[in-house]
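**Q** Sequence and predicted structure, then a few things I'm wondering about:
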Amino acid sequence: SIPSMSSPEGPYGREKEALKNLKKCILMVAGAAVKTQMDGQINLKHEQEIIMNVADMMVDVFTLESTLLRVQKVSESKSSAEMEAYNAILQVYLQDANARVRHSAETALASFAVGDVLDILLRGVARFTKWKPVNTKELRRGLAKRALESNRYPI
């Protein structure tokens, strides 16, 4: 399915939409690999790199979803000041995971797709991993500062 171009609403709407799109990216890559196998062009039993790329994508998306769910849960009982660290962690992880998913998807697709098919699939990856970058350097510095000031991990 094609990513929605409408703006997500509600708390963590953008993050939920990004998570949904990253899951679609996994399905697209895995589905394309399976179709290529069904067409007799590859044998996934002998393509552990493709399986590894998809597994890496799944680990990042699972961890992102767990992080998002945790942040949503604690947001119900914490003040906005207390939520700064949680939100920073979510933003940093989302951006990093998104980049890793994109890289793994591109690597996997380039290992079995060619020509127009590869171009179409790569456009799909670009759409599913579209994310406006945040300043992770400053978010990381803020988290480090909190940890140093309190002499403990900030959450």
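**A** Nice, thanks for sending it over.
**Q** how far is the lowest-mean-pLDDT helix or strand in the chain from where the chain is centred?
**A** Here the helix or strand of the chain ranked lowest by mean pLDDT, DSSP states H and E is helix 136-150, holding a mean of 95. Distance of helix 136-150 from the chain centroid (CA atoms, centre = their mean, to the nearest Å) equals 23 Å.
**Q** low-scoring stretches of this structure, by residue?
**A** 1-7 (pLDDT under 70).
**Q** now the helices for it?
**A** For the chain, the helices defined by DSSP state H occupy 13-38, 48-75, 80-110, 115-128, 136-150.
**Q** could I get the ones you listed as CSV with mean neighbour count?
**A** Where you see a C-beta, it was placed from the backbone N, CA and C, and this is true even at glycine. Shown next, in CSV, are these (neighbours: other CB atoms under 10 Å):
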stretch, mean neighbour count
helix 13-38, 18
helix 48-75, 16
helix 80-110, 18
helix 115-128, 15
helix 136-150, 13
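**Q** Residues contacting stretch 112-132, please?
**A** For stretch 112-132, the external contacting residues (CB atoms under 8 Å, 6 or more residues apart in numbering) are 2-3, 18, 21-22, 24-25, 28-29, 32-33, 36, 41-42, 47, 50, 94-95, 98-99, 101-102, 105-106, 109-110.
**Q** now do stretch 12-30
**A** Residues contacting stretch 12-30 (CB under 8 Å, 6+ apart): 1, 3-4, 7-8, 10, 53-54, 57-58, 60-61, 64-65, 68, 71-72, 75, 90, 94, 97-98, 101-102, 104-105, 108-109, 121, 124-125, 127-131.
**Q** Over to stretch 34-43?
**A** The contact list for stretch 34-43 (CB under 8 Å, 6+ apart) reads Ala33, Leu44, Ile50, Phe112, Ala113.
**Q** State the distance from Asp39 to Ala32.
**A** Distance of Asp39 to Ala32, given as CB to CB, to the nearest Å: 10 Å.
**Q** Same check on Lys24?
**A** 12 Å.
**Q** Also Gly115?
**A** For Gly115, the distance to Ala32 - CB to CB - is 13 Å.
**Q** before we move on, what about Asn98?
**A** From Asn98 to Ala32 the distance is 20 Å (CB to CB).
**Q** just how off-centre is stretch 51-71 within its chain?
**A** 7 Å.
**Q** contacts for that stretch?
**A** Under CB under 8 Å, 6+ apart, the answer for stretch 51-71 is 12, 15-16, 19, 22-23, 25-26, 29-30, 33, 44, 83, 86-87, 89-90, 93-94, 97, 100-101, 104-105, 107-108, 111.
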